[in-house]
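J.: mind looking at a prediction? Sequence and model below.
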Amino acid sequence: MSQTAVVIITEAKYQDMDKVLGAMGEGYGGFENGVGLAAIGDPTTLTHRLLNWAAASDELSAELVGMASSQDAPDISPNLWGQNGVITIQDAQSAMSQLIVITYAGPAVNVTQWRNNELAGLGLTWWEAPL
């Protein structure tokens, strides 16, 4: 099965989180090329970045939620944290501590409206400048 996963990271930690995702085999640069977010009331100051995984597997969604909720470091075998250019476990967990993951796997909904409602609940809106 798959589900929609909205993954949000603070601007200060997006580069480290990109390295974590790369070490997991999910590709590098997702947040670099992601959507900018800002605080409601100040849409011109970039504060967060968003990735929208439209068809995240249940396993990936669970792994992302674990990373966000308790900084559970994913298995990156055959790589090792902190070796051969891989981000250190300390830097990875520091980035994970700033991660927000929201998933949805229910009946069909207007995904744009659902995502906007979730962002508003976090006090966030779309950043009004291109990345």
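T.: Everything's here; your move.
J.: how far away is the residue nearest to Thr4 when sequence neighbours are not counted from Trp53?
T.: Nearest residue to Thr4, sequence neighbours excluded (Cβ to Cβ, 6 or more residues apart in numbering): Tyr104, at 4.8 Å. Every C-beta, even on glycine, is put in place using the N, C-alpha and C of the backbone. Separation of Tyr104 from Trp53 (Cβ to Cβ, to the nearest Å): 11 Å.
J.: with Leu122 instead?
T.: Separation of Leu122 from Trp53 (Cβ to Cβ): 17 Å.
J.: so what's the residue count around the closest residue to Thr44 other than its chain neighbours?
T.: Closest residue in space to Thr44, ignoring its immediate chain neighbours: Glu128 at 5.5 Å, by Cβ to Cβ, 6+ apart. Glu128: 12 surrounding residues under other Cβ atoms under 10 Å.
J.: touching, Glu128 and Leu37? I think so.
T.: No: the criterion here is Cβ atoms under 8 Å, and Glu128 misses it with Leu37 at 10.5 Å.
J.: quick one: stretch 28-44 to chain centroid distance?
T.: Centroid separation for stretch 28-44 versus its chain: 11 Å, with Cα atoms, centre = their mean, to the nearest Å.
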